[in-house]
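Make a model of this:
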Amino acid sequence: MRVSKALFLAVPFALMAFLSGSYLVRWLGVIIAGVILSVVLFGFEIQSEYIPRRKRNLISGKSDLERLTSVVKRAKKGKMAREIIAEEIREIYALLYDEYTHFDLKSNPNEALRLLYSEGDFYENLKKALEIVEADLNEDRRSA
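As a prediction, the model looks like this:
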């Protein structure tokens, strides 16, 4: 923790509050030291700028589309990005159908997830899997 110059200003008043003999001088020392210390403490708190969650995403300079495209590009080589995409598809099906849960889809994947995990060109498999998800979404909208 950094020691502020204002903290050194409070030390003489705190010593005055403990060492002086007069009751009035002691209380004046306590009040002045308290004011200085509260300014120091609240001053540190005010200086730390709060950035709302929405602005934090804007500060990095990437839009949601750019973030999504970077995840898809990484998914061609990496397993973690593929798991992120598969998790999003599982979440879509869990929200869409009551009989599907995340655990059920992980242990017994449906057609879109099986296609996503299949061998071959990842981009083609992802495109076909998303077409299946889109067909399921459209089918659910028609039945509702």
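
how many neighbours does Gly120 have?
Neighbours of Gly120 under the rule other C-beta atoms under 10 Å: 9. Glycine gets a C-beta too; all of them are placed from N, C-alpha and C.

which SS class is it?
coil (DSSP: H, G, I helix; E, B strand; the rest coil).

same check, this time on the one 4 residues further on
Look at Glu124: counting by three-state DSSP, its state is helix.

Asp136 versus that one, what's the distance?
Glu124 is 19 Å from Asp136, where distance means C-beta to C-beta, to the nearest Å.

Likewise for Leu24?
Taking C-beta to C-beta, one finds Leu24 at 80 Å from Asp136.

who's more crowded, those two?
Asp136 (17 against 8).

For that one, grab phi and psi.
phi -70, psi -40 (degrees, to the nearest 10).

what's around Ala129, how many residues?
Number of residues near Ala129 (other C-beta under 10 Å) recorded here: 22.

tell me which residues in the strand or helix carrying it are buried?
Assigned by DSSP states H and E, Ala129 falls within helix 122-143. By 16 or more other C-beta atoms under 10 Å, the buried positions in helix 122-143 come out as 122, 125-126, 128-130, 132-133, 136.

shaky segments in this protein?
Along the chain, the parts satisfying pLDDT under 70 run over 1-7, 9, 43-61, 140-144.

Quick check: end-to-end length of stretch 112-132?
6 Å (C-alpha to C-alpha, to the nearest Å).

Centre of the chain to that stretch, how far?
Stretch 112-132 has its C-alpha centroid displaced from the chain centroid by 29 Å (C-alpha atoms, centre = their mean, to the nearest Å).

ok, and what's touching it?
Outside stretch 112-132, the residues within contact range by C-beta atoms under 8 Å, 6 or more residues apart in numbering are 72, 75-76, 82, 85-86, 89-90, 93, 105, 109, 111, 133, 136.
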